[in-house]
Every structure is written in C-alpha cells, then in structure tokens.
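> Below is the sequence, then the predicted model.
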Amino acid sequence: MSTASLEAVVDPGKVQGWINAIGSDPSAAVPILQAIQTEYGYLPRKAMNLVVENTQINASQLYGVATFYAQFRLKPIGRHLIRVCHGTACHVQGADRLNTSLRHAMEIEDPKQDTASNGSYTLENVACIGCCSLAPVMVIDGQAYPSLKGADAQRELLKHAREHNEILAGHDAQE
Ligand code: FES
C-alpha cells in the first residue's frame, strides 16, 4: 500500500462550514488550516484548493502559512502516529537512537519519508513534551513510553502493532 491510498476523502460541505464559521480573509488562514488538520490529520490538497477557491486567501498565502508552522502536515498520516521527543533532555538521552531503531522496524530507508509503506505508522519528531525526567520518551497514539533505549522503542512498537493487527518489517502482527 502506498501513502497515496491514505489520502483523505474531503467533504466540501465541511470545509465551507469552517470558512463560514471562521472567516475568509487572510487572517483566517491559521484557524481554517487547524480545523482541516484536526479533521483529517493533515492538510489534503483538495481541502486546500477549496479554501483558495472560496476565500480571499490565495494559494501562495495559504501554502506559506501551511509550510511556516511546524504543526501543519501536507502529507497523509499513517493509521497510528508515533511522536519521538527531540527536546534537549531526550536528545541527550539518545532520541536519535530511538528514531534509528523505529525506522528500522518500520522499514523506512528514505530519510524524507516518515510513514511506513503499508500506511501503518507515521514517525514524527517533536519538541519537548514536558516529561523530561523520563527521557527519552516516545508517544504512540497519545500513550507515552518513558525512559526508552533503542531496543525498548522497537519492542514497544512491535507490541503495539500486534495489539492493533498491524504488520511491521516482515513481523506478522498476528503471530
Ligand atoms: S525533552 Fe523530551 S520530554 Fe522534555
């Protein structure tokens, strides 16, 4: 499965509803994008086009905002989201090793890619999530996993995959 199949089905009525509720001048760009991302997990191209067509926000303004703020994603997200903290404490405690280990488990070799090719997991680097004494930390679908070594991170990911019937790196989660 390619990440293209993760593209969201955009409901034009919902996008128009957010525009109606929030506004249509350039100052509305951030809240409209936040509403779209909350709904779809990223900013689908179709939704972006609808905003450009139905507001006074032009494409370069909209994409300028979407690419300026780290909170926005232009690519679809996997079925599960792994966030690895790269704040100072986690960085010092080996957050990079967690990434290496997790990317290996997800079989992601391209450094520009962040989602497993079967659409199961997306790996995201984030700033401090506020529990530095438990560094290094990753969060999968909102659940925090503290004080991890690289191998622990991979083990927790495989366990999560088994529990959610996902397949990773040739490990059949059903086994
Ligand atoms: S630096 Fe990772 S939780 Fe603060």
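All right, it came through fine. Numbers count the residues shown, from 1 in each chain.
> buried stuff in stretch 101-116?
Residues of stretch 101-116 classed as buried by neighbour count (16 or more other CB atoms under 10 Å): 101-103, 105-106, 108, 114-116. The way it works is simple: take the backbone N, C-alpha and C, and place the C-beta from them, glycine included.
> Please read the previous query as pertaining to stretch 41-49.
41-44, 47-48.
> Just want the most central residue of the protein.
Ile77 (5.2 Å; CA atoms, centre = their mean).
> and whichever residue of the chain sits closest to the ligand, how many residues sit next to it?
Relative to the ligand, the nearest point of the chain is Gly87 (2.5 Å; CB to the nearest ligand atom). Applying other CB atoms under 10 Å, we find 18 residues neighbouring Gly87.
> residue contacts, it?
Going by CB atoms under 8 Å, 6 or more residues apart in numbering, Gly87 touches 127-129, 132, 135.
> Let's see if you can find the most crowded of those.
Tallying neighbours with other CB under 10 Å puts Ala135 at the head of the contacts of Gly87, with 21 neighbours.
> That one contacts Cys85, doesn't it?
Yes. In this structure, Ala135 is within contact of Cys85 by CB atoms under 8 Å, at 7.1 Å.
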